[in-house]
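# here's a sequence, model it:
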Amino acid sequence: YKSITFIEFLGMAEARLAVAFQVQVTDEGEFKVHLDRRILHDVYRSIKRVIKRKIFKSRNAAIQSVFPATGISWSFFFVVFGAMQILGETSDTESVIQEKIPQFGRLDPVTRTILVTLVSTTLLWLVWSFFLRNFLKLLLTYQGWMWSPHGKLSIGVKAWMMTCKIIMGKRPKLMSLQNCMPSLPVPSVADTMKRYLLTVRPFVNDEEYTRLQNLAEEFKNGLGKRLQRYLWVKSWWSSNYVSDWWEQYVYLRGRSPLMINSNYYCLDAIQFTPTHVRSARLANIITSLMKFKNDVDRQTLAPRFAMGTAPLCCEQYPRTFSTTRLPQLVQDTIEHYTDAKHVALYSQGKWYVLNVISGGRQLTPIELQKQIIWIEEASKTDVASPGEEDLSAMTSGERSKWASFRETFFSKGTNRHSLHLIEQSLFVAILDDSEPGYDKENPDMLDDYAKGMLCGDHIWYDKSFNVVVFKNGKIGMNAEHSWADATIISHLAEECFNWDIELGYDANGNCRGQPRDDTILSPPRRLRWDIPAEAVDQVEVARGVADDMKADLDLHIMKHDNYGKGFIKTCKISPDAYIQIALQLAHYKNQDKFCLTYESSMTRLFRSGRTETVRSCTSEACAFARAVIEKEPKDECKALLKTAVNRHTDLFRESMSGKGVDRHMFCLYIVSKFLGEESPFLQEVLSEPWRLSTSQTPYGQGTHTDLRKFPDRISAGGGFGPVADDGYGVSYIIAGEDNIFFHVSSKKACPNTNSRKFAADIEEAMQDIKNLFH
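Numbers count the residues shown, from 1 in each chain. Okay, the predicted model is just below:
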């Protein structure tokens, strides 16, 4: 027989489904047609899935375009106009239609009435939508609620909240509120200069401070005015005057390695693992991640709010999956792929493609587990191609080198195809044979766990996020920073960890259920490579550089369980402000001096908002730290603490409301470069090192786990590398009422830093502050 196969199905079905329809020509010239109904059913479901996705997307786009107007309001207007027409009330709409469409007068009266009502209703409804949207945007420019005492909202604030909630409705979709969000305001140069000088006063002497004052005054009265005018113009036509430049110049133009310097990580619950069967855990996590993706795609994921009223920008969510940062010689690009159906999976030095969607439907957890087991077994006997095992090391290194390597050796043929399958995947999953965990008597275990997540050997650092699954069932995530901030990944991780538990496992730790018999599942595909010897040598060099960077990283996690948020709230102090003041005290103990301190806050109350810097080393915090070290009377220390906390809280509020220092000066600097102007003031400000960089990992964004009922499900949060070679990076998560985790990072090459010592100083500082209240 001579077989002819037709590969069609509108380009939406996989090529393997073409066997559903075969025409065979015998030697005698007879035609035989073979139909596989089950595979044809798979093709039908694939097409149906695509159509449903298009419908969801179109419907959500329509809803977003007219929000906050709703179908109910359109129906109301329709009834009103219909009643007016029935009662004989005339409208200008009918005469306009008659003028534009002469044939309109030939229609019967009922049809004319219906058409006039429809047109009048829709026009008024669109005007109503425009009014509501802009009225809501005006309401959301109000930021006074942030200054209201906790638990004591004024009548005005309550009225504002009620009005916003009425306009937004009960269940807005994820992206519905985007068009209603206000733009980030541009602060005045004078205000920014004033705030800047206040933030540097604690760690410069009088002579240096006077010099900075003069530079700031000269800039404010000279070049600053001109740069500000250009920035105002940009703010008028841009949804956010900061975010596009921040992504472009801070992230994508950065040439330093992503590993340690940019990417960050998050960990699993350290004392609880729902199953020790690695394949089952990954299968449930993939299912949970796909639920999150589907909720984002369909916009059924609830939007985020501050105080339950002020919406947070959700623009970053759609790029969570199928997103990759592609290396370029000068400036990287972010590519988002919309039709990915697979996960790129690494096991035993080999790369595989694991289809998550097959036959027009998503695989069940038990089906995914069987596919993962197949990969685990195959990877034991498959032989890795030269350079394949450590290929991911190229993504960990200097960006221009990786771009040149990629263009030279991976721009065509087999290598290009395999590389694109990794880059276009939903995300990357890695099967790791180590067994991390937590042991109070052996803190190195938790440190090694975190270090493996921040700078693991086989992480593909370009991907939006990697999921690492360990032999004992523990998991972790590593995320690239340019496409979104840590709040998005922490939300993703929190939801998925909880959904993983809800999906559950059987008595043997495997996924529940049985594989469906209505879909033919092909085994996962092995990615093939043809890497020349010259390229293999470069891969080995990159692995050596990555190993050296990893060896220089000093990362320690401290579980502070003496007390937590519960006690801090009894002191009537913001937990974040409390911890930030403790960090200043700890740093003074550690270094015997104060330094410029970075605390990340968000500007997502504005459209396309990302982050702003809280300069948390204030004169008030320094005064408190000195008083504690010098053992001043307890009442005096408490008074200084209250002053320092209030000052920090005000700074945080200002940064959230668009009145920060650093993003404004950064944009002024970018404008100066566009104009070819040199500013000694901006040059000096933006070159100041952040020797203490801090960030809080948010908790409780999604399905909340009752940690009092399930104390073993506490997550250790996540962390990042030090920003300065001679400084510290500190990430912390307030885990429930009684635990706070601190992730402390530094460089071993620096003789003046030691992460364990700094963690001990933080613990001591936390105890010093607690002692003030006893």
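# residue 61: which element?
Using DSSP states H and E, residue 61 sits in helix 37-66.
# what mean pLDDT does that helix get?
In this model, helix 37-66 has a mean pLDDT of 71.
# same check, this time on stretch 150-160
Across stretch 150-160, the average pLDDT comes to 88.
# who touches that stretch?
Residues outside stretch 150-160 that contact it (Cβ atoms under 8 Å, 6 or more residues apart in numbering): 139, 142, 144, 145, 148, 161, 309. Quick note: C-beta positions are derived from backbone N, CA and C, even for glycine.
# which single one of those residues is nearest to residue 242?
Proximity of the contacts of stretch 150-160 to residue 242 (Cβ to Cβ) peaks at residue 142, which lies at 20.9 Å.
# name the nearest residue to that closest one, ignoring sequence neighbours.
residue 160 (6.1 Å; Cβ to Cβ, 6 or more residues apart in numbering).
# quick check, the one you found in a strand?
No: with DSSP: H, G, I helix; E, B strand; the rest coil as the criterion, residue 160 is assigned helix and is not in a strand.
# distance of it relative to residue 450?
42 Å (Cβ to Cβ, to the nearest Å).
# could you do residue 209 as well?
39 Å.
# who's more crowded, the two?
residue 450 (26 against 14; other Cβ atoms under 10 Å).
# so how far is residue 477 from that one?
Residue 450 is 12 Å from residue 477, by Cβ to Cβ.
# any common contacting residues for these two?
Shared contacts of residue 450 and residue 477 (Cβ under 8 Å, 6+ apart): residue 265.
# between the contacts of stretch 150-160, which sits nearest residue 512?
Distances from residue 512 to the contacts of stretch 150-160, taken by Cβ to Cβ, are shortest for residue 309, at 39.5 Å.
# and the closest one, what does it touch?
With contact set as Cβ under 8 Å, 6+ apart, residue 309 has these partners: 145, 160, 161, 164, 165.
# change it to 7 Å
Neighbour list for residue 309: 161, 164, 165 [criterion: Cβ atoms under 7 Å, 6 or more residues apart in numbering].
# try residue 395
258, 402, 460, 461, 462.
# where does pLDDT dip in this structure?
Along the chain, segments meeting pLDDT under 70 span 1-46, 48-50, 88-107, 518-519, 702-705.
# select the longest helix from it.
Secondary structure of the chain per DSSP state H: the longest helix is helix 109-140.
# list the buried residues in it.
Residues of helix 109-140 classed as buried by neighbour count (16 or more other Cβ atoms under 10 Å): 112-113, 115-117, 119-121, 124-125, 128-129, 132-133, 136-137, 139-140.
# who are the packing partners of the helix or strand where residue 279 lies?
Element membership of residue 279, judged by DSSP H and E, is helix 278-297. Using 3 or more Cβ pairs under 7 Å, 6 or more residues apart in numbering; DSSP states H and E, the elements in contact with helix 278-297 are helix 365-381, strand 465-470, helix 486-503.
# which one of the ones you listed lies nearest to residue 584?
Between residue 584 and the helices and strands packed on helix 278-297, the tightest spacing by Cβ to Cβ is seen for helix 486-503, at 22.2 Å.
# show me the contact partners of the closest one.
Residues from elsewhere that reach helix 486-503, judged by Cβ under 7 Å, 6+ apart: 264, 266, 269, 274, 284-285, 287-289, 291-292, 316-317, 320, 365, 465, 477, 479, 602, 695, 697-698, 701-703, 705.
# any idea which helix or strand comes after that helix?
On the C-terminal side of helix 486-503, the nearest following helix or strand under DSSP H and E is strand 525-526.
# counting contacts, what elements does that next one pack onto?
strand 350-355.
# and the contacts of the next helix or strand after the helix holding residue 279?
For helix 278-297, the following helix or strand on the C-terminal side (DSSP H and E) is strand 305-306. When contacts are defined by Cβ under 7 Å, 6+ apart, strand 305-306 is touched by residues 311, 312, 605.
# out of the residues you listed, who's nearest residue 469?
Once Cβ to Cβ is applied, the member of the contacts of strand 305-306 that ends up nearest residue 469 is residue 312, at 30.6 Å.
# isn't the closest one up against residue 604?
Yes: counting by Cβ atoms under 7 Å, residue 312 touches residue 604, with 4.1 Å between them.
# what about those two, which has more around it?
A direct count of neighbours by other Cβ under 10 Å for residue 312 and residue 604 places residue 604 higher, at 24 against 19.
# where does that one land in three-state SS?
Relying on three-state DSSP, one would call residue 604 coil.
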